[in-house]
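Q: Got a predicted structure plus its sequence, pasted below:
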Amino acid sequence: MSRQIDYGNLMHRAMRGLIRNVLDDVAANGLPGAHHFFITFDTAHPDAELADWLADRYPGEMTVVMQHWFDNLDVGEEGFAVTLNFGESPEPLYIPYDAIKTFVDPSVEFGLRFESTEEDDDELEPLEIATDLPEDMEAEAPSGGDKKNADVVSLDSFRK
């Protein structure tokens, strides 16, 4: 059997590392300028931690916003913890990096999307890198200026 370099999974790990580095900086220095994040994650991930009422309300996935108010941001090796405000009710969350489905910073039209496959749960999913906003989040983007269409790079072609 011949050995191959698995570029798809290497990119997947690198992009999760990028998210960790960004969150590390935010934990140390706060959000710079207009930066803010939309983070969609799998609420059913075995290591995700959220209040029962949130898990009941969002049984598959949930999008959280880190912008004006967040507290107790603690960035770790496998995931991060943060307290967010849900209708005037602060709730702690723990989000593993491998539970993240999208990470978007609309202030600079940057986004990462992690696609999942049903074939092999032990294998890391292919990754799409998009520098434009997902369609369901475009309404949240700041207005003004010409919006550029970005190229989407799919890493599926690098997988076995």
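A: Yep, that arrived.
Q: pull the helix or strand with minimum mean pLDDT from the protein.
A: In the chain, the helix or strand scored least confidently by mean pLDDT, DSSP states H and E is strand 127-130, which has a mean of 42.
Q: Show the contacting residues for E61.
A: Applying Cβ atoms under 8 Å, 6 or more residues apart in numbering to E61 gives the contacts 40-43, 101. (C-beta placed from N, C-alpha, C; glycine too.)
Q: hmm, 10 Å instead?
A: By Cβ atoms under 10 Å, 6 or more residues apart in numbering, E61 lies in contact with 40-45, 99, 101-102.
Q: roughly how far apart are it and N21?
A: Going from E61 to N21 by Cβ to Cβ, to the nearest Å gives 24 Å.
Q: And the contacts of E61, which is closest to P32?
A: Nearest to P32 among the contacts of E61, counting by Cβ to Cβ, is T102 at 21.0 Å.
Q: Mind listing the residues bridging to the residue nearest to that closest one when sequence neighbours are not counted?
A: Nearest residue to T102 in three dimensions, chain neighbours excluded: T40, at 4.3 Å (Cβ to Cβ, 6 or more residues apart in numbering). Note on T40: beta-bridge partners by DSSP bridges are T63, T102.
Q: spatially speaking, which residue is in the middle of this protein?
A: F103 (3.0 Å; Cα atoms, centre = their mean).
Q: what about the longest helix in this protein?
A: Ordering each helix of the chain by length in residues (DSSP state H) puts helix 7-29 first.
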